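Peer 1: for reference, the sequence and a predicted model appear below.
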Amino acid sequence: MKRASFCSLVCLLLGYGAVVFGGTTKPTSRPSSRHIKFSPKGKKRPLVIGHRGLSGWYPEHTLGAYRAAMRRGADFIEPDLVMTKDGVLIARHENDITHTTNVAKKFPKRKRTKLIDGVKVTGYFTEDFTFREIRRLYAVQRLPFRNQRLNKRYRVPSLREILKLVQKMSKLTGRPIGVYPETKHPTYFASIKLPMERKLIMELERADFLHKPGRLFVQSFEVGNLKKLHKMVHDLPLIQLLYTPKYQPYDLRLKKSRVTYGDMATPKGLKQIATYAKGIGVPKSMIVPIKGGKRLPPTTLLSNAHRAGLLVHAYTFRNEKRFLGKAWKTPVEEYQYFYRLGIDGVFSDFPDLAYIVRERMWRIGREKGLPLFAPR
Ligand code: G3P
Ligand code: CA
């Protein structure tokens, strides 16, 4: 790494520490060569995935949040997708947009109660609004303890706009940035005649993201829609999301299958996933379990998945103490731990810090002539 960029990296890290670690200019725990052990075989850097954009600082799933994530080092940005009444794919974590927009103020009469994936939900739903109506809304910060000052700045973006922005930022930054869309409630949307799969493929093709290795992953907590996508575009890089082991993917539950996420995480389940997907997206706790606030030794999931030929991306990394609990002194320590384990990617609300920590570990590894992260 050139001296200038090394200096800026260190400055960035110190500056970040001032924000994250409570106003001091010295972070409480900075990665150093003393703390970092490197795998002898590793080659690739783990991916930094901007979870809902740089959602730690910006209202999630806005062009502002995505742009900031890309500017600050994210390799991928992650839009969760839902449908509007007129069939436009837009970025929201839920089709209920009560808590992520000012919809209740703008359209007070549109409140409904519905059964979404078997759960009764009362709110304002994207499928009851045209894209034109959605555009009249502002995105707002969902979490009360995060920055509320950008609440009237950004609109709800369509996937098309997001893809355009990713292409633009790739040109501006000179590095090929990827997009990692997630289909939310695909079975539910198909049941109301708003299927997502064909639309998604069409948009990806239109923006030239299909058949571009390293620029695309498509993820889902359900199984059926991933298999359908696999049939539609055979080389589509799919990621099967897993969740708390005792739960089931909604579409499997609907089919009266007894398969749980726990079953899917066994060597046999992983082998089955590898028939249609390139990897799995898993809660961090399935890799490093936390019990009584303390972390336990890592499970075998990561190595089993690698053995099945699957990538492993873990979610969700967040800076705030309330999410770190007693398991991690700082978010830096958490990233270092997962990077050393050989994780292939991290979904982070703060991709800026995930990037800084990764680059520092990479630099130290290079300086010491040690190969880098993942034993792959
Ligand atoms: O997609 C990975 C991770 O984002 C899954 O959790 O609920 O934030 O979409 P969620
Ligand atoms: Ca997601």
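Peer 2: Structure's in. What do you need? What you are looking at is a predicted structure, and each value in this text was computed from that prediction instead of being measured. Ligands and ions are numbered 1, 2, ... in the order given.
Peer 1: these two touch, right, P59 and A139?
Peer 2: Yes: the pair P59 / A139 is scored as a contact, 4.3 Å apart, by C-beta atoms under 8 Å. The way it works is simple: take the backbone N, C-alpha and C, and place the C-beta from them, glycine included.
Peer 1: tell me, what's touching those two both at once?
Peer 2: Counting by C-beta atoms under 8 Å, 6 or more residues apart in numbering, the shared contacts of P59 and A139 are 100, 151, 154.
Peer 1: and the next helix or strand past the helix or strand bottoming out on mean pLDDT in the chain?
Peer 2: The helix or strand of the chain with the poorest confidence is helix 3-20; it has a mean of 40 (mean pLDDT, DSSP states H and E). Remark: after helix 3-20, the chain's next helix or strand is strand 47-51, criterion DSSP states H and E.
Peer 1: just read off the phi/psi values of the residue of the chain found nearest ligand 1.
Peer 2: Taking C-beta to the nearest ligand atom, ligand 1 has its nearest neighbour within the chain at Y315, 3.9 Å off. Per-residue torsions, Y315: phi -130, psi 160 (degrees, to the nearest 10).
Peer 1: which residues does it form beta bridges with?
Peer 2: Beta-bridge partners for Y315, by DSSP bridges, are P283.
Peer 1: thinking again about what came up before, mind giving me the ChimeraX select for the shared contacts of P59 and A139, buried ones only?
Peer 2: Applying 16 or more other C-beta atoms under 10 Å to these, the buried members can be selected in ChimeraX as follows:
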select :100,154
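Peer 1: do you know the pLDDT at the residue of the chain closest to ligand 1?
Peer 2: You'll see Y315 listed with a pLDDT of 98.
Peer 1: contacting residues for it?
Peer 2: 51, 281-284, 346-347.
Peer 1: out of those, which comes closest to P331?
Peer 2: Proximity of the contacts of Y315 to P331 (C-beta to C-beta) peaks at V346, which lies at 10.6 Å.
Peer 1: can you get me the start-to-end distance on stretch 88-104?
Peer 2: Terminal residues of stretch 88-104 are spaced 21 Å apart (C-alpha to C-alpha, to the nearest Å).
Peer 1: so which bits of that stretch are buried?
Peer 2: 88-98, 100-103.
Peer 1: among these, which one sits closest to N319?
Peer 2: Closest to N319, out of all of these and judged by C-beta to C-beta, is H93, at 18.9 Å.
Peer 1: three-state assignment of the closest one?
Peer 2: Classification of H93 using DSSP: H, G, I helix; E, B strand; the rest coil returns coil.
Peer 1: ok, it touching H61?
Peer 2: Yes: between H93 and H61 there is a contact at 6.7 Å, judged by C-beta under 8 Å.
Peer 1: now the common contact residues for those two.
Peer 2: In contact with both H93 and H61: 52, 80, 100, using C-beta under 8 Å, 6+ apart.
Peer 1: in JSON lines: those residues, plus pLDDT and distance to ligand 1.
Peer 2: Shown next, in JSON lines, are the shared contacts of H93 and H61 (pLDDT from 0 to 100; distance: C-beta to the nearest ligand atom, whole Å):
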{"residue": "R52", "pLDDT": "98", "distance to ligand 1": "7"}
{"residue": "D80", "pLDDT": "98", "distance to ligand 1": "5"}
{"residue": "T100", "pLDDT": "98", "distance to ligand 1": "12"}
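Peer 1: how about I162, nearest residue that isn't a chain neighbour?
Peer 2: In this structure, I162 finds its nearest non-sequential neighbour in P79, 5.4 Å apart by C-beta to C-beta, 6 or more residues apart in numbering.
Peer 1: report the contact partners of the one you found.
Peer 2: Residues counted as contacts of P79 (C-beta under 8 Å, 6+ apart) are 52, 61, 66, 91, 157, 159, 162, 179-182.
Peer 1: among these, which are in strands?
Peer 2: Secondary structure of the contacts of P79 is defined by DSSP state E; positions in strands are 91, 179, 182.
Peer 1: could I get those residues as a markdown table with pLDDT and distance to ligand 1?
Peer 2: Converted to a markdown table, those look like this (pLDDT from 0 to 100; distance: C-beta to the nearest ligand atom, whole Å):
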| residue | pLDDT | distance to ligand 1 |
| --- | --- | --- |
| A91 | 98 | 11 |
| V179 | 98 | 13 |
| E182 | 98 | 5 |
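Peer 1: can you get me a residue count around the closest residue to H93 other than its chain neighbours?
Peer 2: Take H93 and drop its neighbours on the chain: the residue closest to it by C-beta to C-beta, 6+ apart is D80, 4.7 Å away. D80 has 20 neighbouring residues, counting by other C-beta atoms under 10 Å.
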